[in-house]
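Q: Predicted model follows, preceded by the sequence.
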Amino acid sequence: MIKPKINISIKLLAFTCCAFFVVALCCGYYYLVACSAAAQKNIGILEVKIQKAKGQLQRYDQLLKDYQDDIARFNTVLFKEKDVADFLTNASAFSKEYHIKIKTMRALPPEVVSVPQKETQGNNLYSWNKQGASKEQISLIASPYNIQILGASQDIFSFMLDLGRSKQLLTLSDIRISGSRYPDIEAGFRLDLYRLNGFSTPQERK
């Protein structure tokens, strides 16, 4: 009479174990499904971020290329730091061909000149702002000199015109003329020589 009860208990225990096992399997399955969905969502978010990062890198590469092109373009028309002294020495020697006497050549404090990007097109190299350069702009350094010369009027004008024909960028301004020593005249002007601010070519770094 005891055996049936034992069989029933064993069957009930087995059924209970199977039920727990099935429930555990279902919980594990749904947990894995939830984890998989979360992982896929994270992967999707990462893929979007990767695409955005690629787009930003492409834009940065283009900006860097444009910047390097600007530097190379400016290097073709600007003075290098070591060229300034040579130019002034040559100008002094050149003045003798025009029978001009350079009375004084006084260096003035350098000035930072900002160059607005994308606004300087072709040969329009004179739309600069001498009130300082912002961090987003290419900047130049103007090395100004106050020069006083003495000579015949035609020789002085020819000398100044030849200075202005330099392949490298310079400006002549604040021109002052005095005829107190006729037939010679005394002229004064400001000469600005332009170079890149804080950059050098690979040859200069060597």
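A: Now that the structure is in, tell me what you want to look at. Numbers count the residues shown, from 1 in each chain.
Q: other SSEs contacting the helix or strand hosting Val112?
A: With elements taken from DSSP states H and E, the one containing Val112 is strand 111-115. Identification of packing neighbours for strand 111-115 by 3 or more CB pairs under 8 Å, 6 or more residues apart in numbering; DSSP states H and E yields strand 138-152. Bear in mind the C-beta positions are built from the backbone N, C-alpha and C, glycine included.
Q: Can you list the strands that the strand it packs on pairs with?
A: strand 101-107 (antiparallel), strand 111-115 (antiparallel), strand 184-196 (antiparallel) (DSSP bridges).
Q: for those, which one sits closest to Glu47?
A: Nearest to Glu47, of all the strands paired with strand 138-152, is strand 111-115, at 40.1 Å by CB to CB.
Q: any idea of the mean pLDDT for the closest one?
A: What strand 111-115 shows for mean pLDDT is 82.
Q: where's that strand relative to the chain centroid, distance-wise?
A: Per CA atoms, centre = their mean, to the nearest Å, the displacement of strand 111-115 from the mean C-alpha position of its chain is 14 Å.
Q: CA atoms of the strand holding Val112 as CSV?
A: Extracted as CSV, the C-alpha positions of strand 111-115 are listed here (Å, rounded to 0.1, in the frame of the first residue of the first chain):
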residue,chain,number,x,y,z
GLU,A,111,52.5,94.2,-35.8
VAL,A,112,50.2,91.2,-36.1
VAL,A,113,48.0,91.2,-39.2
SER,A,114,45.0,89.0,-39.4
VAL,A,115,44.0,87.4,-42.7
